[in-house]
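> here is a sequence with its predicted model. Questions after.
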Amino acid sequence: MNVKTIYDDGELTALLFGEIDHHTARDIRLSVDSEIEKHHPTKLILDFRRVKFMDSSGIGLIMGRYRLMKLVGGEIVLCNVPPHLERIIALSGVRSITK
Amino acid sequence: MELMNEMNLTFSSKSMNENFARTAVSAFVLPLDPTITELADIKTAVSEAVTNSIIHGYEYGEGQIGINAKIYDNGRIVIKIKDKGKGIENIAQAMEPLFSTVGGERAGLGFAVMQSFMDKLKVTSKVNCGTSVTMEKYIIRRSKALNDDVNP
Ligand SMILES: Nc1ncnc2c1ncn2[C@@H]1O[C@H](COP(=O)(O)OP(=O)(O)OP(=O)(O)O)[C@@H](O)[C@H]1O
Ligand SMILES: [Mg+2]
């Protein structure tokens, strides 16, 4: 499993691990979405500190969670984005929809 | 420019092979002494092409994906990734950033990533026959450049 979720006081934090691709994104999505549906958090924090690799499947994952958070009336925050992920994040433009 | 090494790989269109494919290609190009950033670029581009064959080419069904990779002594890397899947009707449209025929969890960024992380990208495809993506990248030969400096 490439994610650990922590819910506290309206905030859901997803600590992401390892390599995020189409193969691993599925389980991350299932796990984060079930927590969002359970708690309806006002904020989803995606923590990339321990992510070693990410391709466009990771961008799709961020965009999909953004849509779901909008539905439940919350916002999404990207934090601890390591330098090696900056290029794909910049290319995708997801910064404009996240904090 | 001399061919230094060549490899061919064939594997099943299973999502677990996305990691296998990018790891194998990254190990293959190591003799060119790429930087960590260059390696990450190559891994990401390979991951995009292989994922596309799995998701779009074979639509999650069974099929074979082929990779041919070549490295040259001047630092050139050529990687060709092929499937015999459903093919692409309009390649120019498919390559536009944010275009995706799937939507949902797909950002439509795969080709944009391949384009920006590699130096060259060529896509050929035939509907109901398959798709082939050829990417090139040039690695600056640091050790060679150093020798050239010492012995011009
Ligand atoms: N190997 C392939 N076989 C058939 N169609 C393909 C193939 N590769 C790409 N396509 C088509 O080109 C479109 C664009 O591909 P691209 O990788 O840019 O975006 P995506 O795969 O839809 O989304 P993302 O890569 O961001 O997850 C796809 O939606 C698909 O229709
Ligand atoms: Mg893609």
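Great, that's in hand. Residues are numbered from 1 along each chain as shown, chains lettered A, B, ... in the order given. Ligands and ions are numbered 1, 2, ... in the order given.
> look up how far ligand 2 lies from A:Ile88.
With distances taken as Cβ to the ion, to the nearest Å, A:Ile88 is found 13 Å from ligand 2. Heads up, the C-betas are built off the backbone N, CA and C, glycines and all.
> surely that residue forms part of a helix?
Yes. A:Ile88: assigned to a helix according to DSSP: H, G, I helix; E, B strand; the rest coil.
> my guess is it contacts A:Ser57, does it?
No. Counting by Cβ atoms under 8 Å, A:Ile88 stays clear of A:Ser57, with 10.5 Å between them.
> what residue is smack in the middle of chain A?
A:Leu46 (4.1 Å; Cα atoms, centre = their mean).
> so what strands line up beside the helix or strand containing that one?
A:Leu46 is located in strand A:43-54, with elements delineated by DSSP states H and E. Next to strand A:43-54 in the sheet, as set by DSSP bridges, lie strand A:11-20 (parallel), strand A:75-79 (parallel).
> what packs against the helix or strand following that strand?
Per DSSP H and E, strand A:43-54 leads on to helix A:56-71 as the next helix or strand towards the C-terminus. Helices and strands touching helix A:56-71, by 3 or more Cβ pairs under 8 Å, 6 or more residues apart in numbering or on different chains; DSSP states H and E, are strand A:11-20, helix A:22-39, strand A:43-54, strand A:75-79, helix A:83-92, helix B:36-52.
> switch the ones you listed over to JSON lines; also include mean pLDDT and distance to B:Ile88.
Below are the helices and strands packed on helix A:56-71 laid out as JSON lines (pLDDT from 0 to 100; distance: least, Cβ to Cβ, whole Å):
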{"stretch": "strand A:11-20", "mean pLDDT": "98", "distance to B:Ile88": "25"}
{"stretch": "helix A:22-39", "mean pLDDT": "97", "distance to B:Ile88": "18"}
{"stretch": "strand A:43-54", "mean pLDDT": "98", "distance to B:Ile88": "25"}
{"stretch": "strand A:75-79", "mean pLDDT": "97", "distance to B:Ile88": "32"}
{"stretch": "helix A:83-92", "mean pLDDT": "95", "distance to B:Ile88": "21"}
{"stretch": "helix B:36-52", "mean pLDDT": "97", "distance to B:Ile88": "9"}
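> want to throw those into CSV with distance to ligand 1?
Putting those into CSV (distance: least, Cβ to the nearest ligand atom, whole Å) gives the following:
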stretch, distance to ligand 1
strand A:11-20, 12
helix A:22-39, 7
strand A:43-54, 12
strand A:75-79, 17
helix A:83-92, 8
helix B:36-52, 3
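> identify the residues contacting the residue of chain B found nearest ligand 1.
Nearest residue of chain B to ligand 1 (Cβ to the nearest ligand atom) works out as B:Gly110 at 2.0 Å. Going by Cβ atoms under 8 Å, 6 or more residues apart in numbering or on different chains, B:Gly110 touches A:Asp55, A:Ser56, B:Glu48, B:Ala49, B:Thr51, B:Asn52.
> not counting its neighbours along the chain, what's nearest it?
Of all residues not flanking B:Gly110 in the chain, B:Glu48 sits nearest, at 4.1 Å (Cβ to Cβ, 6 or more residues apart in numbering or on different chains).
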